[in-house]
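Q: I'd like to go over a predicted model; first the sequence, then the structure.
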Amino acid sequence: MEPVTAPIPPQQPRRRRIPRAAVVIVIVVALLAVLAVAAVAVGKRLAAQNTDAKAEVRTATIERTSLAAGMVLTGTLGYGDPRDLGGAGGVVTKLPEAGAIVEAGSVLMEVDGRPVFVGTGPMPLWREIKPGLVGPDVAALRAALAALGIDAGTPGNATYDNALSVGIAELYSRGGYEPPAALAAGGEEYQTAADAVKNAERSYADAQLALTAAKKQGPGKVDLLAANNSVEAAERALAAARAGDSGEALTNAREALDLAKAQRTEMLAPKDTSAEQTAWTEALAQLARAQGDLAAVPADDPDAKRAAEDALAAAGSAVTVTKAALDQASRGPSDAEKLQLESAVNQAQRAFDAAERGDMGAAVREAKEGLKLARAQRQALKEPTDVSSAELAVTSAHEDLATARKTLAEAGLNTVGPRDVLIVPAQTIRVDQVKAKLGLPADGAIISWTETVLYGRVDLTEAQRSRVSAGTPVTVTLPSGAELTAVVGDISNTSTNPETFEMIPARARIDIEDQSALADIGLATITVSLIENKAEDTLVVPVTALMALAEGGYCVELEDGTLVGVEVGLVADTRAEVRSPNLSEGQKVVIP
């Protein structure tokens, strides 16, 4: 219905002050009426004096009261525009009824036999809130739980933690449901994580055994003996060269050269790893037998299964240890060691050549270098075995174990997502329409909801929109005639429907505090009276008592015929506010 504008009946003076937001409006139509009536009145008055001076005179009493002017708008009561809540998969197994009131923290429906809770907050969930997640939705879930009185950790913390998991468990416990982690403990994902921990523990133990075995590996006695012989030969060659005995120097130099060549040949020759290869092969065979034994264990014999698993773990460790021993035995000299062997041979050759020439000075120098290299080679053999690769394997296995344990711990934490908790910007919602169907997928809009508070809504023209502001007090008249105090809430501007391109008028929300008075009314039509201008404790006369003066302005005529000039103020409901020091309450004015 098109809103109409009408004056408001006068009210008795009240002590409350008019809100500063009240709009002062000059009622143009009323003032024009004043001019017309006043002019006609003067004309009629003069005519009456000329024709019948003794005609009966009508009068009205000057009152001191309040005068108000404003708008009267027609609107409706409602819960507001419905908003949809969307599902996130699964099969609908329980639904609410239309009109149901659901508080935050309560179960709205069930999907796959699991609860879908309602939470309150400005941000809905759009992904699974789980360990390792950081984001505003994590903080939103924490805040929604806190709004229910649930301790979910530090407010504003946007990182998933154990405190949030505990808070989620409390939400489910309050609703009478098993928390997600309790169900996950018997699930496939949890069991996979538990198996991964066991495997990682075995790998870590195997790596430690391999490292221990590698540390026990060292140079053989033959290698050390050869190194000692090389050093002694170099020492003799140097002594002979220093003594100037060319024959002895040549003999010793030849011996040192032969030893250096023999050591090079020995170090570069393929290693005999047949024993280590046999041990590793036998370990692999034992592992295969242990795997077969485990597969043959009856499913209903847990003790036999555990024994078979232990045997399998021992066989796996044996494979690891024997393989490490094989790798160590197969290891040849490094590039640096090969270079050192070649340098020793070359140095011994130069010492021999110098002794053969009889150049004792050069023989001494070369013998010193040869002795230095021989001692370096012997020292290298005495150095601890390089176990860096085995140590790296232990470190890697330890990291894998830590990761597996973390994954298992996380599998025991509580997680929720958009299919579990629907966060809405309200503490309590009213189910407006149920759109989902039992037994069908919970996709798309599952319900529409509104707030639970009834409020008025009036459409406004552009002219009216400019005269209304949020916070303005109004009076709501119900169909029964009862009047309620209310206040203007949010006001929307004129807009266009993006789908139909229809014009949507500006609308004002009318907030009514006394909801109990609306309990049995429902979605009814209401009248909203808005005071725009008001004059309190002022002198008021009928509009028809005003007369226009020829020189401009207005006057009223008292009973004794005295004309009193007045200043006209607010005009409303055929009455006008007049101001004059020569008028007082109770005096009579003539109505022409």
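A: Yep, that arrived. Numbers count the residues shown, from 1 in each chain.
Q: And the chain, what are its domain boundaries?
A: As assigned by automatic domain parsing, the chain contains the domains 1-79+453-592, 83-185+412-450, 221-267+344-372.
Q: now the shortest one: mean pLDDT?
A: In other words, domain 221-267+344-372. The average pLDDT within domain 221-267+344-372 is 70.
Q: Just name the most buried of the domains of the chain.
A: domain 221-267+344-372 (a mean of 19; mean count of other Cβ atoms under 10 Å). (C-beta placed from N, C-alpha, C; glycine too.)
Q: picking that back up, the domains of the chain into TSV, with extra columns for distance to residue 322?
A: As requested, the domains of the chain are exported to TSV (distance: least, Cβ to Cβ, whole Å):
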stretch	distance to residue 322
domain 1-79+453-592	74
domain 83-185+412-450	37
domain 221-267+344-372	23
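Q: quick one: which of the ones you listed is nearest residue 327?
A: Ranking those by proximity to residue 327 (Cβ to Cβ) places domain 221-267+344-372 first, at 17.8 Å.
Q: My read is that residue 103 contacts residue 426, right?
A: No. Counting by Cβ atoms under 8 Å, residue 426 is not a contact partner of residue 103; they are 9.7 Å apart.
Q: Spatially central residue for the protein, please.
A: Nearest residue to the geometric centre of the chain (Cα atoms, centre = their mean): residue 137, 1.4 Å.
Q: Not counting sequence-adjacent ones, nearest residue to that residue?
A: Nearest residue to residue 137, sequence neighbours excluded (Cβ to Cβ, 6 or more residues apart in numbering): residue 125, at 5.5 Å.
Q: what's in contact with stretch 87-100?
A: Residues external to stretch 87-100 that are found in contact with it (Cβ atoms under 8 Å, 6 or more residues apart in numbering): 102, 108-114, 417-419, 430-434, 436-447.
Q: Of those residues, which belong to strands?
A: 102, 108-111, 114, 430-434, 445-447 (DSSP state E).
Q: which one of the residues you listed is nearest residue 355?
A: Distances from residue 355 to those, taken by Cβ to Cβ, are shortest for residue 114, at 93.1 Å.
Q: Tell me which helix or strand comes right after the helix or strand of the chain with the lowest mean pLDDT.
A: Within the chain, no helix or strand scores below helix 28-51, which has a mean of 44 by mean pLDDT, DSSP states H and E. Under the assignment DSSP states H and E, the closest C-terminal helix or strand after helix 28-51 is strand 58-61.
Q: strands paired with that next one, and their directions?
A: strand 588-591 (antiparallel) (DSSP bridges).
Q: follow-up on the earlier one: please verify my assumption that the residue nearest to the centre of the chain contacts residue 129.
A: Yes. At 6.6 Å, residue 137 counts as touching residue 129 under the criterion of Cβ under 8 Å.
Q: follow-up on the earlier one: wait, which of the ones in strands among the contacts of stretch 87-100 is closest to residue 405?
A: Of the ones in strands among the contacts of stretch 87-100, the one sitting nearest to residue 405 (Cβ to Cβ) turns out to be residue 114, at 28.1 Å.
Q: what about that closest one, distance to residue 107?
A: For residue 114, the distance to residue 107 equals 10 Å [Cβ to Cβ, to the nearest Å].
Q: list residues touching both of these two?
A: residue 177.
Q: And stretch 120-131, end to end?
A: In stretch 120-131, first residue to last residue: 22 Å (Cα to Cα, to the nearest Å).
Q: rewinding a little: which SS state does the residue nearest to the centre of the chain fall under?
A: Of the three states, residue 137 takes helix according to DSSP: H, G, I helix; E, B strand; the rest coil.
Q: Distance of it relative to residue 533?
A: As judged by Cβ to Cβ, residue 137 and residue 533 stand 50 Å apart.
Q: Neighbouring strands - and their directions - for the longest strand along the chain?
A: Scanning the chain for the longest strand, with DSSP E as the assignment, gives strand 525-542. Strand pairing for strand 525-542, determined by DSSP bridges: strand 63-78 (antiparallel), strand 473-477 (antiparallel), strand 575-579 (antiparallel).
Q: now these as a markdown table including distance to residue 494?
A: Formatted as a markdown table, the strands paired with strand 525-542 follow (distance: least, Cβ to Cβ, whole Å):
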| stretch | distance to residue 494 |
| --- | --- |
| strand 63-78 | 16 |
| strand 473-477 | 21 |
| strand 575-579 | 35 |
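Q: For residue 361, which of those is the nearest?
A: That would be strand 63-78 among the strands paired with strand 525-542, by Cβ to Cβ, at 116.4 Å.
Q: For the residue lying closest to residue 449 once chain neighbours are set aside, which residues are in contact?
A: Closest residue in space to residue 449, ignoring its immediate chain neighbours: residue 429 at 4.3 Å, by Cβ to Cβ, 6+ apart. With contacts defined as Cβ under 8 Å, 6+ apart, the neighbours of residue 429 are 101-102, 118, 449-452.
Q: mind checking how far residue 429 is from residue 513?
A: Taking Cβ to Cβ, one finds residue 429 at 20 Å from residue 513.
Q: Residue 421 now?
A: Counting by Cβ to Cβ, the gap from residue 421 to residue 513 is 32 Å.
Q: Also residue 59?
A: 45 Å.
Q: Any buried residues in stretch 387-396, and which?
A: Neighbour counts over stretch 387-396 (16 or more other Cβ atoms under 10 Å) mark 387, 390, 393-394 as buried.
Q: Average pLDDT for that stretch, rounded please.
A: What stretch 387-396 shows for mean pLDDT is 84.
Q: just how off-centre is that stretch within its chain?
A: Distance of stretch 387-396 from the chain centroid (Cα atoms, centre = their mean, to the nearest Å) equals 41 Å.
Q: Give me the contacts around stretch 433-445.
A: Under Cβ under 8 Å, 6+ apart, the answer for stretch 433-445 is 82, 84-98, 109, 111, 419, 446-448.
Q: So which of the residues you listed are in strands?
A: 84-86, 92-94, 109, 111, 446-448.
Q: Quick check: of the contacts of residue 429, which lies closest to residue 320?
A: Checking the contacts of residue 429 one by one against residue 320 (Cβ to Cβ), the nearest turns out to be residue 118, at 54.6 Å.
Q: I figured that closest one was touching residue 427, is that so?
A: No. Residue 118 sits out of contact with residue 427 when judged by Cβ under 8 Å, with a separation of 9.5 Å.
Q: All good on my end, thank you.
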